[in-house]
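> Okay, sequence plus prediction incoming.
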Amino acid sequence: MSILVDEHTRLLVQGITGREGLFHATQMQEYGTNIVAGTTPGKGGQVVLGKVPVFDTVAQAVLETGADTSVIYVPAGGAPDAILEAVDAGIGTIFCITEHIPVLDMLKVVAEVDARGVRLIGPNCPGATSPGKAKVGIIPGSIHLPGDVGLVSRSGTLTYEVVQALTDAGIGQSTCVGIGGDPIAGTNFTDVLTLFREDPETHAIVLMGEIGGDAEERAAAWKAEHMPDVPMVAFIAGRSAPPGRRMGHAGAIISGSGGTAEAKIAALEAAGIRVADTPSQIPGMLREAGYRA
Amino acid sequence: MKLQEYAAKELLVRAGLPVPPWSVADTPAEARSQAAAYLAAGADRVVIKAQVLVGGRGKAGGVKLAATADEAEAVAGAILGMDIKGITVRRVLVAPAADIVREYYLAAVLDRGARRIRIMGSAEGGVEIEQVAEEDPDAIVSLLAHPHLGLLDHQARQVAFAMGLGDRWKEAVPVIRGVFAAAIANDADLVEINPLAIVRSVEPDGTVSESIQALDAKVTLDDSALFRHPDLEALRDLSEEDPVDVEARGLGLSFIRLEGSIGCMVNGAGLAMATMDLVKRAGGEPANFLDIGGGAKADKVAAAMRLILSDASVQVILVNIFGGIARGDEVARGLLEARSQQTRDVPMVVRIVGTNADLAARILDESGVGIEAATSLDAAVERAVELARAAA
């Protein structure tokens, strides 16, 4: 099994006729993801990627194709509305790839998403891949190996680095999820750990955190309480980051004494989770933590 | 984007908050004439405050009182040009000194965990709120505003009474609501008034009155929302920013200059941080944080390289690219372009994997310009640190 996306996913691509949307839709389809529809207002009636119908509205797309998951490649100005359009149309799981969405917009959006019982991953996230089944987002498909390690990360390319290291070591993945680098995220580490706990085929976890906020600390405490026996290894990026500076990601900032790598590493280790010094240590540490492929 | 105190106060005034008059001086002479005007208008003394975006300016001697115009000029002369935590003071704020009866703390701040704007108030004003939070957390009242409904009247009253402003709650409630309104109106992650104060003033006819005033202001704006506040972009203080940071922003690059000798060029913020961490762990010092972003083209890579090389302390350049959206061959072409324009002979260690990595390797190999290729991140970092040591 896997979480969030799999071979049954019926994917809608919002912004499918744009440069980014079309490029990644092509990649996702080549990976085997079942893309059932796309939307771009004013381009309804077109067909892209050989067989994918384009609709003007998400409501139409859902009605006619039964899409249940959406991925958003709409620019920041329109992305909050794109998320809410998917919510209104009854989409259950929404991935928002778009970055640079204003924080105040996201506060309103996540409140609505939560009230409606919808799952939002992102914004500013690379998406999720369940190797061999489906990939939604922008993570390169070629780096994966199907398996039973679940990976959750606030980063993009750093995730690829670790997935590649796992694959090279012969360790396959159940699902790799990027939750995004923004200060306000629809889904946090603890939410994803909860999903992994309920997945009978995820037997170990890799958590890739970074400076800023306290989501890693909260995830560590939750893990210690709810899944103490599952092997888990973590990595925290930003040990060398200067305080008060935003390190690329809007959410990666040490403010005052909060959000430091040291505090996160201490919390993870206190919860019995080993923290790697380099991405290349992660496969070995997983095995030391009791993981057997 | 952090705002200087004078710009932050301007936003408070626009939100209807009570702020005593202030002015901004770039020279001691300007400070003198401004001080003279405040003193002539009845102020006993003026306060001169360094305008820098780092905390602790008071302790560093960047805030001083003056009783005469002469003194104001001398104090401003001492503060202007002063170095506070590595920042040179180029501007001071001049204001009549307030007769403070009591100090408070008030802020609207983004709470990432709660995913709401949090209002925080305390009767322990004028000190670092983090210190209060640690030593006496009960001295802070804090509640969350509703994302759709905003800060409600009863919430503002609750904060006012808990802050000990009960005997003037009708005056305090609009101030508390105003701080929240300022955060919303400007897309601010933080609006902080410390101290908010009850200030005594004497009218020309001799009557004494007391009122709530914002004596300091700290505002941090959400960079992602600046597009809808073109007027606020003008408040950015470019004089305090590293010119390289400013240039990088213009190029759409995320760049932060650091102290070390190993220039880093990476795609993706998380990987860029991790690369710096590995450099440090291997005994080297990163010269910068640089995320060239997804899908960077050759010209952007070349521009990024020029930025790195503009720092004279850079002895080695470490390139770490995990191709996904970014294509390895584009990066390789950019590196060669930068190399051809390079005036300084700096060794380069390059590790490119992922999309079109084999093409990238061939381009670099055939160029014959002495770029060292590394196959793993660990090996690349080790080699870069080794070269930096040899150059030192």
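Here it is on my side, so go on. Numbers count the residues shown, from 1 in each chain, chains lettered A, B, ... in the order given.

> ok, then the element right after the strand ranked longest in chain B?
Criterion DSSP state E: the longest strand present in chain B is strand B:188-202. Once the chain leaves strand B:188-202, the next helix or strand it forms, by DSSP states H and E, is strand B:208-214.

> Output that next one as PDB, nothing but the C-alphas.
C-alpha atoms of strand B:208-214 as PDB (Å, rounded to 0.1, in the frame of the first residue of the first chain):
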ATOM      1  CA  VAL B 208      -1.500  67.300  32.700                       C
ATOM      2  CA  SER B 209      -2.900  64.400  30.800                       C
ATOM      3  CA  GLU B 210      -2.000  60.800  30.200                       C
ATOM      4  CA  SER B 211      -2.500  58.700  27.100                       C
ATOM      5  CA  ILE B 212      -1.500  55.500  25.500                       C
ATOM      6  CA  GLN B 213       1.300  55.900  22.900                       C
ATOM      7  CA  ALA B 214       3.400  53.600  20.700                       C
END
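
> what's in contact with that strand?
B:9, B:12, B:17-20, B:98, B:101, B:165, B:168, B:171-172, B:175, B:193, B:196-203 (C-beta atoms under 8 Å, 6 or more residues apart in numbering or on different chains). The way it works is simple: take the backbone N, C-alpha and C, and place the C-beta from them, glycine included.

> Assign a three-state SS to the residue in the stretch 51-200 of chain A positioned nearest to chain B, would you?
In the stretch 51-200 of chain A, the residue that lies nearest chain B is residue A:155 (2.5 Å; C-beta to the nearest C-beta). Three-state assignment for residue A:155 (DSSP: H, G, I helix; E, B strand; the rest coil): coil.

> My guess is it contacts residue A:178. True?
Yes: using C-beta atoms under 8 Å, residue A:155 makes contact with residue A:178 at a distance of 7.0 Å.

> could you measure residue A:157 against residue A:176, distance?
Distance, residue A:157 to residue A:176, by C-beta to C-beta, to the nearest Å: 13 Å.

> Name whatever forms a beta bridge with residue A:235.
residue A:208 (DSSP bridges).

> Show the pLDDT at it.
At residue A:235, the pLDDT value in this model is 97.

> Run through the residues that contact it.
A:158, A:162, A:206-209, A:275-276, A:279, A:282, B:274.

> One more pass at 7 Å, please.
Residue A:235 sits next to A:208, A:275-276, A:279, A:282 when contact means C-beta atoms under 7 Å, 6 or more residues apart in numbering or on different chains.

> quick check, residue B:30 in a strand?
No: counting by three-state DSSP, residue B:30 falls outside a strand, being helix.

> count of residues packed around it?
Using other C-beta atoms under 10 Å in any protein chain shown, residue B:30 has 18 other residues around it.

> re the thing from before, for the contacts of residue A:235, which single residue is the most surrounded?
That'd be residue A:208 among the contacts of residue A:235, by other C-beta under 10 Å, with 29 neighbours.

> how much space between that one and residue B:115?
On the measure of C-beta to C-beta, residue A:208 and residue B:115 end up 21 Å apart.

> swap in residue A:216?
For residue A:216, the distance to residue B:115 - C-beta to C-beta - is 17 Å.

> one step back: okay, buried residues for the longest strand of chain B please.
B:188-199, B:201 (16 or more other C-beta atoms under 10 Å in any protein chain shown).

> go on, stretch B:226-242?
Quick answer for stretch B:226-242 (16+ other C-beta under 10 Å): B:226, B:229, B:232, B:235-237, B:240.

> In helices, which of those fall?
residue B:232 (DSSP state H).

> remind me which residues of chain B are low pLDDT?
B:295 (pLDDT under 70).

> scratch that, chain A is what I was asking about
Ranges of chain A meeting pLDDT under 70: A:256-257.

> rewinding a little: centre of the chain to the longest strand of chain B, how far?
Its chain's C-alpha centre and that of strand B:188-202 lie 20 Å apart, by C-alpha atoms, centre = their mean, to the nearest Å.

> Output that strand as PDB, restricted to C-alpha atoms.
What follows is strand B:188-202 as a C-alpha-only set of coordinates in PDB (Å, rounded to 0.1, in the frame of the first residue of the first chain):
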ATOM      1  CA  ALA B 188       2.800  41.700   8.100                       C
ATOM      2  CA  ASP B 189       4.100  38.600   9.900                       C
ATOM      3  CA  LEU B 190       4.900  40.700  12.900                       C
ATOM      4  CA  VAL B 191       3.700  44.100  14.200                       C
ATOM      5  CA  GLU B 192       5.300  44.700  17.600                       C
ATOM      6  CA  ILE B 193       5.000  47.700  19.900                       C
ATOM      7  CA  ASN B 194       7.600  47.600  22.700                       C
ATOM      8  CA  PRO B 195       7.100  49.600  24.600                       C
ATOM      9  CA  LEU B 196       3.500  50.700  24.300                       C
ATOM     10  CA  ALA B 197       3.300  53.200  27.100                       C
ATOM     11  CA  ILE B 198       1.100  55.400  29.200                       C
ATOM     12  CA  VAL B 199       2.700  58.800  28.600                       C
ATOM     13  CA  ARG B 200       2.200  62.000  30.600                       C
ATOM     14  CA  SER B 201       2.000  65.300  28.800                       C
ATOM     15  CA  VAL B 202       1.600  68.800  30.000                       C
END
